[in-house]
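In: Okay, here's the prediction I keep looking at, along with the sequence it came from:
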Amino acid sequence: MKRTNFVKTTIFFFVLSFIQSYANEKIKTSNKTVTTTINDTLTSNKNTGRVSFATTPPVLKATGDQLYCPQNAIAIVTAFSITHDPLEPGTQAAYIQISSGYSNGFDKLALSNTASHPSIISSWDANSGKLTLSSPTGTDVLYSDLEAAIKDVVFTNSSATASGTKTFSITIGQANYLPSTQHYYLYVPSIGITWTDAKTAAEARTYYGLKGYLATISSTDEAKLVGEQASGTGWIGGSDAESEGIWKWVTGPEAGTIFWNGTANGSTPNFAFWNSGEPNNQGGNEKYAHITQPGTGTRGSWNDLSNTGDPSGSFQPKGYVVEYGGMPGELPLEIAASTKITIPVATPDINLNSVCDSGSFTLTATATAGATINWYDSAIGGTLLTTGNAYTTPILDATTTYYIDAGCESNRKPVIATVNATPNQPVANLSTVYNCGSGSVVVEANSNIGVINWFTTSTGGTSVYMGNSFTTPTISSNTTYYAEASNSICINSNRTPVNVVIYTPPIVTNETLALCQFQKITLDAGISGMTYLWNTGATSPTIDATNGGTYTVDITSPAPENCTSRKTIIVNEHQIPQIDRIDVNGTTAVIHLKKEMDYFEYSIDGLNFQDSNLFYNVPGGLQTAYAREKNGCGQTTINFVVLVFPSFFTPNNDSYNDLWEVTGMENYPQAEVTIFDRYGKLIAQLNSSKMSWDGTFDKTPLPASDYWYALKVDNTKPVLRGHFSLKR
């Protein structure tokens, strides 16, 4: 070995040992060691042990923005080159990713012509939409071999209905490249890492000279690439620790940018992608943004967690996402290039004209930028009629379908030139419709094609209904409606009248009549010159009713009107009252019937009747109670006695109240009255032979005082007791 080589080897092992020691001790936070790759200082080849300082990053150039037809294969580039530092002829791998517009399960990248690339193997990751080109032996691959292989990478989509644009990112670094931001994104697994440790670790990383930071996501493309295709379940650079509910990006060049205000029902001034119900600040300490674990809500969306997250489960931090690019003073790397394919789509103009009976059309359409529209007479194959945005048809007398595509037969769309026939004048089912009285009627008309519109005028005006059968609003006088036939824009202006004639039905008045018990009543329909149909089956103008109930009669006017009205007669059968008893309490009497009815009335003098059966101040003596039916169906009477006990008497021979006697007692021959003084001494007895007391005992006048009586009418009635005063 030459001395020069010996010196170089010695220096190599010294520097390698120093760098490994430096890298391993570079960052230590929370008792965790984060190793940083120093790509901007040196490149280390693990297999050869070679270390090169200050190598220039390679430059990738690609062209190949193309149009693509689904279910075909297309090379992702039309030209591609890698310019690299002579001191670094190769790298571990190249990565081609569908970074925007990716459709998992349909889109695919593959290396074609594999026999021409023996030094390269390819690996397709459907979840991230990424194809890896690397060495089968694990060594570096020459840039020249990668350049040749990338030219043979093809894209396919298996869906015949695919649409949109697909962007391909080609890079030699492991980080995902997004052309719309020109930034790089790398998911770093680290189970249980805190947000603050993840922020420190991300900021300690570099990527080909670009400084890392926790990812800040400000577009749908970024959210899809970072959250879905990168399988990043971990921390990103958002926080509301500074002010609760005001979420900011606190890392990278977007630090200080507010992206959300509030909790789950808040709002964003630009872009946010929270999971459903997030952020919710559960527990009051969730201050940091985190990409949700797959299978928990919307894939790739965010939730808020505490600095540590959960110790296990769906909300345990699994790592963090580092973003590279855009920091002050940094120039964009050229270690990535991009191309795109667009699936061309031809879209017919929606405002397609139609003609009546026959005519020519100028059909127009638009296509995806850069594509040319082809006009065909068939959905598959067929004759190419013309190219361009417009096609003028020959004169057509029937509806004809043409087809357009923008170069992809599988995406052909129909363009219909509609020829409508002018319909015949409508034919009314009935030229005149009759109705008895005001109300709605149904008018009907038909034509050979199209629809029927109804008007209230023979020309002009506004349609009041569309359809063959029209139920009118309520009509109270003769009216004419007009039917007009139309087929799209083709209208037969000859309207067909339909007359609505309103007849006045017989005018009837319902009745309620009283029928006396055991009698009959004649029911009269009330209008002559009509036909009649009673609910009893009778067809005469009158019928006799011997029972209460509801009777109806349909009264129909003569032809041509034939309008029927129904009269209802309610017959209430009234009974003759029967008195059950008379309750007398002093001068108050109550007449009780065996069956009380509201059509009965009462009296105690046979002249003055009332609805109430209660009477006050009834004179003493024999009285008569009357109960009768109000309409004269009959009455009944019964006698009753009112006993009046004077409350005092004055035996001074002035001919006023000289005797104490019970009025009405004469009606009870067996009645006896016993009179006592205040000491219970029997003073006098009254009966049918002696009806009064003169205030003496053994012909001696008794002193003024209160005396008591007991009246026994007979053995069936209770003894009546009370007291009265003797005044002198």
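Out: Done, it's in.

In: do you know how far the closest residue to Ser725 other than its chain neighbours is from Asn585?
Out: Nearest residue to Ser725 in three dimensions, chain neighbours excluded: Phe648, at 4.1 Å (Cβ to Cβ, 6 or more residues apart in numbering). Yep, even glycine has a C-beta here, placed from its N, CA and C like the rest. Look at Phe648 and Asn585: by Cβ to Cβ, to the nearest Å, they are 21 Å apart.

In: who has more neighbours, these two?
Out: Taking Phe648 and Asn585 together and counting by other Cβ atoms under 10 Å, Phe648 has the greater number of neighbours (13 against 8).

In: Could you report the pLDDT at that one?
Out: As predicted, Phe648 sits at a pLDDT of 96.

In: for His183, same thing?
Out: Predicted confidence (pLDDT) for His183: 94.

In: Can you list phi and psi of the residue nearest to it when sequence neighbours are not counted for me?
Out: What sits nearest to His183 in space, not counting adjacent residues and going by Cβ to Cβ, 6+ apart, is Gly325, at 3.5 Å. The phi/psi pair for Gly325 (degrees, to the nearest 10) reads phi 120, psi 150.

In: So Gly325 is in contact with Leu178, correct?
Out: No - with contact defined as Cβ atoms under 8 Å, Gly325 does not count as touching Leu178 (9.2 Å).

In: Between those two, which contacts overlap?
Out: Tyr184 (Cβ atoms under 8 Å, 6 or more residues apart in numbering).

In: Which one's more surrounded, the two?
Out: Shown here are Gly325 and Leu178; by other Cβ under 10 Å, Leu178 has more neighbours (26 against 23).

In: In contact with the more buried one, which residues are there?
Out: Leu178 neighbours (Cβ under 8 Å, 6+ apart): Ser99, Ser100, Ser169, Tyr184, Tyr185, Asp221, Glu222, Leu225.

In: and the fifth one, how many residues sit next to it?
Out: For Tyr185, the number of neighbouring residues by other Cβ under 10 Å comes to 24.

In: Name the nearest residue to Asn435, ignoring sequence neighbours.
Out: Leaving aside its sequence neighbours, Asn435 sits nearest to Val441 (Cβ to Cβ, 6+ apart; 4.8 Å).

In: need the contact list for the one you found.
Out: Residues in contact with Val441 (Cβ under 8 Å, 6+ apart) are Val433, Asn435, Thr471, Thr472, Ile475, Val500.

In: how about stretch 686-705: buried residues?
Out: Going by neighbour count (16 or more other Cβ atoms under 10 Å), the buried part of stretch 686-705 is Leu686, Trp693, Gly695, Leu702.

In: Could you write out the alpha-carbon coordinates of it in CSV?
Out: Taking C-alpha atoms only, stretch 686-705 is exported to CSV below (Å, rounded to 0.1, in the frame of the first residue of the first chain):
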residue,chain,number,x,y,z
LEU,A,686,-154.9,18.9,68.5
ASN,A,687,-156.6,16.5,66.1
SER,A,688,-159.3,16.4,63.4
SER,A,689,-161.9,17.5,66.0
LYS,A,690,-159.8,20.2,67.5
MET,A,691,-157.6,22.0,65.0
SER,A,692,-156.4,25.0,67.0
TRP,A,693,-155.1,26.1,70.4
ASP,A,694,-156.1,29.4,72.1
GLY,A,695,-153.2,29.7,74.5
THR,A,696,-155.0,28.4,77.7
PHE,A,697,-154.6,25.4,80.0
ASP,A,698,-157.8,24.4,81.8
LYS,A,699,-159.2,27.7,80.5
THR,A,700,-156.5,29.6,82.2
PRO,A,701,-154.3,31.8,79.9
LEU,A,702,-150.7,30.7,79.9
PRO,A,703,-147.9,33.2,80.1
ALA,A,704,-146.1,34.5,77.0
SER,A,705,-143.3,32.0,76.3
